[in-house]
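# need a 3D model of the following:
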Amino acid sequence: MRYFLLLFFSFLFCSSLNAQYNKEKLRKESRALQQEIARLNKSLNQSKSESKKSILYIKQLEDKIKAQNELLKTTAKETQALKDEIYLSQLQINKLKRELSELKKEYKDVLVNAYKNKSLHNKILFILSSKNFTEAFRRIKYLEKYSGYQNEKADEIKQKQKDIELTISKREKAKNEKEILLAQRNELKKNLETQKQEQNKVLQEFRANESQIATQIEAKKQENKKLEGQIEAIIQEEIRIAREKAEAERKRKEEEARRERERLAKLEAERKAKEARDAAANKTEAKKEVPKTEKEPAKKEESEKTYSSTAETESLSNSFTANQGRLPWPVASGEVVGGFGRQPHPILKNIYENNAGVKIAAAKGTQARAVFEGVVQEVILVQGGNKAVMISHGTYFTVYNNLSQVSVSKGQKISTKQSLGTIYTDNDNNTILDFQIWKGTVKQNPAAWVIGM
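Numbers count the residues shown, from 1 in each chain. You can find the predicted model right below:
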């Protein structure tokens, strides 16, 4: 029975520690979600004052609803953790009260015995009635320990009473926290319902214009296809020029090698002629054998054939590649509303888009910025009047499309995070940057390159 009780109370102790850990963990999650909701509220208020039809506003509203749902789940877990804590506290209180009752009973017996033997005369008789000196010494020590035992029992009772009061205080605190949390959950549910109604209202407005939006998206697809064709043509031309430069450099090196071979051959011929003249002039000397020469020029020619690209090109390419997954965002603040490749429309899920990069929604007036140092390869005029800036990073290229104004020019050297121009804002307050990364003529997923995307 004692073994069973020991196991039971050990289980209660471990459960209490685990419940405390879970509660603290849930509180951290709850605080993080509340901070995220506060951030979204701030952004929503700004977007709402400008236009409720912007994709950014709807995306942030959707994110807020998701965060609120997660917070509801977290607070439900917190409530359960508090209930468990209250339950375990009550079990602990019951256990301490039982122990206190046992202690009081033991202390009562001690006091009764002490009362019966309280007189000095009885204690002296108890010692003097010993059979020998050793037994008398033991009885003296017993009386001393018994007196200390009384004090220990009294202190133990006081401590147990303090433990009970402390546990009751913890239980009451947990009860108050639970009541506050339940009130917060009820308020959160009301806010969530309001947000869902707002979301449904805006979505209905979008769905009412679905056919018109689908037509606009189709027109945009054609614009993007044309832009991609322009980008590919520019990259192909850049590759052609690079190849021509490389070929011209190779021919130059070959010509230099040929001239060097001719120079060495001329020197060799002059040396042989001199040896022949020396041999004819000195008839008494034995005819000298002309030493064989190593074919160093041929080796040098072979070495020249292995020449590839310049160190500068390699450095740029390697630097960009080395930063994969660590590049900064092309805007100071924004959210991805369209992923790479074939993606559903951020609002009308039955309509699909083919994205050469990612679509990033930002606030009105946001500047696009370079994700890495490089050179402006081209400023492209896009159909509809907007512009795209294309930056070369060696064998990689980044494209910043849908700019209303551009602050850089072709051939200009660009530093990391340098402003390139203002992102265009449409009539529905959509400020969306089309950001692309190319490796040669192959499109890359920017999410694999930009940190935290």
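# which of the residues in stretch 220-237 are buried?
224, 227, 228, 230, 231, 234, 235 (16 or more other Cβ atoms under 10 Å). Backbone N, C-alpha and C define where each C-beta goes, glycine included.
# output the contacting helices and strands for the helix or strand harbouring residue 68.
Using DSSP states H and E, residue 68 sits within helix 55-116. Helices and strands touching helix 55-116, by 3 or more Cβ pairs under 8 Å, 6 or more residues apart in numbering; DSSP states H and E, are helix 2-50, helix 133-208, strand 335-338, strand 358-361.
# between those, which gets the lowest average pLDDT?
Here the lowest mean pLDDT among those goes to helix 2-50, at a mean of 60.
# residue 59 contacts residue 361, doesn't it?
Yes. Counting by Cβ atoms under 8 Å, residue 59 touches residue 361, with 6.4 Å between them.
# from the chain's centroid, how far away is the longest strand along the chain?
Counting by DSSP state E, the longest strand found in the chain is strand 396-406. Centroid displacement of strand 396-406 relative to its chain, using Cα atoms, centre = their mean, to the nearest Å, is 26 Å.
# with stretch 270-283 instead?
The mean C-alpha position of stretch 270-283 is separated from the chain mean by 80 Å, Cα atoms, centre = their mean.
# now the residue lying closest to residue 367 once chain neighbours are set aside: how far from residue 391?
Excluding the flanking residues, the one nearest residue 367 by Cβ to Cβ, 6 or more residues apart in numbering is residue 419, at 4.5 Å. Distance of residue 419 to residue 391, computed by Cβ to Cβ, to the nearest Å: 13 Å.
# give me the more crowded residue out of the two.
residue 391 (24 against 14; other Cβ atoms under 10 Å).
# quick one: contacts for the more buried one?
The contact partners of residue 391, taken as Cβ atoms under 8 Å, 6 or more residues apart in numbering, are 370, 372, 374, 375, 376, 377, 397, 398, 399, 400, 414, 420.
# from memory the third one sits against residue 414, does it?
It refers to residue 374. Yes. Using Cβ under 8 Å, residue 374 makes contact with residue 414 at a distance of 5.5 Å.
# list the contacts of stretch 154-173.
With contacts defined as Cβ under 8 Å, 6+ apart, stretch 154-173 is touched by 85-86, 89-90, 92-93, 96-97, 99-100, 103-104, 107.
# are any of the residues you listed buried, and which?
Neighbour-count burial (16+ other Cβ under 10 Å) applied to those gives 85, 86, 89, 92, 93, 96, 100, 103, 107.
# got these as a markdown table, with pLDDT and distance to residue 78 columns?
Listed next are those as a markdown table, based on pLDDT from 0 to 100; distance: Cβ to Cβ, whole Å:
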| residue | pLDDT | distance to residue 78 |
| --- | --- | --- |
| 85 | 82 | 10 |
| 86 | 81 | 13 |
| 89 | 82 | 16 |
| 92 | 85 | 21 |
| 93 | 82 | 22 |
| 96 | 80 | 26 |
| 100 | 78 | 32 |
| 103 | 75 | 36 |
| 107 | 64 | 42 |
